[in-house]
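> heads up, no residue letters with this:
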């Protein structure tokens, strides 16, 4: 099993729709979680951190389910500009080195 | 303030040549990461620096790859005797800490624009 797994998509949804996708992780000791977005041929940029209690930033809601070891990202009222690849990031912490693990990403395409 | 910078932005080289890629992290960031990303693929972890030391080199694909960091700042990734399969975008990121018991927000990685390496 991969340490971090995402559905690669693509998710193709109409503008204004609500879309959600999950990311599962295998290391139960994982400490911090993030969603990054990456536009085509650009570097990843932080979208939002994921807090234990869940957090919301405008149209975006991130949640963490420790029992089932997944995080989710919900996008409401999707815009054309939301089209991107969304990378799930998990920091396992601990051990002799700390290595943040990026998922392979979920491609989202918003159509007019 | 300045973000992470990388140079060159593009590099085309012939198979067998050595290349050196440079990363200038955000000032004050102690952790520095190198990744590579092939077209349409996810990020592949290469190496992580905490200060000048590299506690995790597990991602370096072969002994042709090496990296160093001096003064807790600039890092260079060197690829010797390049092969065609080395072609990818090489991304550098920095963060305020290495995530060891640090507050959540300081684990955030900030990426540079990458170096697109093409090996002919």
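Received the coordinates, thanks. The structure displayed is predicted, hence computed values, not measured ones.

> Now do the same contact list for residue 71.
All of this is about chain A. A:22, A:23, A:25, A:33, A:35, A:50, A:62, A:63, A:64, A:65, A:88, A:90 (C-beta atoms under 8 Å, 6 or more residues apart in numbering or on different chains). The way it works is simple: take the backbone N, C-alpha and C, and place the C-beta from them, glycine included.

> if you could check chain B rather than the one you did, that'd help
residue B:52.

> Walking through chain B, point out its strands one by one.
B:5-7, B:10-13, B:19-24, B:31-37, B:43-50, B:53-56, B:65-69, B:75-79, B:88-95, B:110-111, B:115-119 (DSSP state E).

> Repeat that for chain A.
A:4-6, A:11-14, A:19-25, A:32-38, A:45-50, A:55-57, A:60-65, A:70-75, A:84-91, A:101-102, A:106-111.

> worst average pLDDT in the ones you listed?
Looking over those, mean pLDDT reaches its minimum on strand A:101-102, with a mean of 84.

> What is that one packed up against?
When contacts are defined as 3 or more C-beta pairs under 8 Å, 6 or more residues apart in numbering or on different chains; DSSP states H and E, strand A:101-102 packs onto strand A:84-91, strand B:43-50.

> give me the low-pLDDT residue ranges for chain B?
B:1, B:98-106 (pLDDT under 70).

> Pull the contacting residues for the most centrally placed residue in it.
Nearest to the mean C-alpha position of chain B, by C-alpha atoms, centre = their mean, lies residue B:34 at 2.5 Å. Residue B:34 is in contact with B:23, B:46, B:47, B:48, B:59, B:67, B:75, B:77, B:90, B:91, B:92, counting by C-beta under 8 Å, 6+ apart.

> Burial check on the third one, number of neighbours?
Okay, so that is residue B:47. 24 (other C-beta atoms under 10 Å in any protein chain shown).

> and the contacts of residue B:34 near chain A, which?
Near chain A, judged by C-beta under 8 Å from any C-beta of the partner chain, the entries from the contacts of residue B:34 are B:48, B:59, B:91.

> What distance do you get for the residue nearest to the first one when sequence neighbours are not counted to residue B:92?
Once flanking residues are discounted, residue B:48 sits nearest to residue B:56: 4.4 Å by C-beta to C-beta, 6 or more residues apart in numbering or on different chains. Distance, residue B:56 to residue B:92, using C-beta to C-beta, to the nearest Å: 15 Å.

> thinking again about what came up before, and the residue nearest to the centre of chain B, bridged to which residues?
residue B:47, residue B:92 (DSSP bridges).

> Equivalent analysis for residue A:34, please.
residue A:49, residue A:89.

> Determine the number of other residues adjacent to residue 48.
Just going to use chain A. 18.

> that's the wrong chain, I wanted chain B
26.

> next one: residue A:100
25.

> what's it in contact with, if anything?
A:89, A:90, A:91, B:33, B:45, B:99, B:107, B:109.

> Repeat the analysis, applying 6 Å as the threshold.
Residue A:100 is in contact with A:89, A:91, counting by C-beta atoms under 6 Å, 6 or more residues apart in numbering or on different chains.
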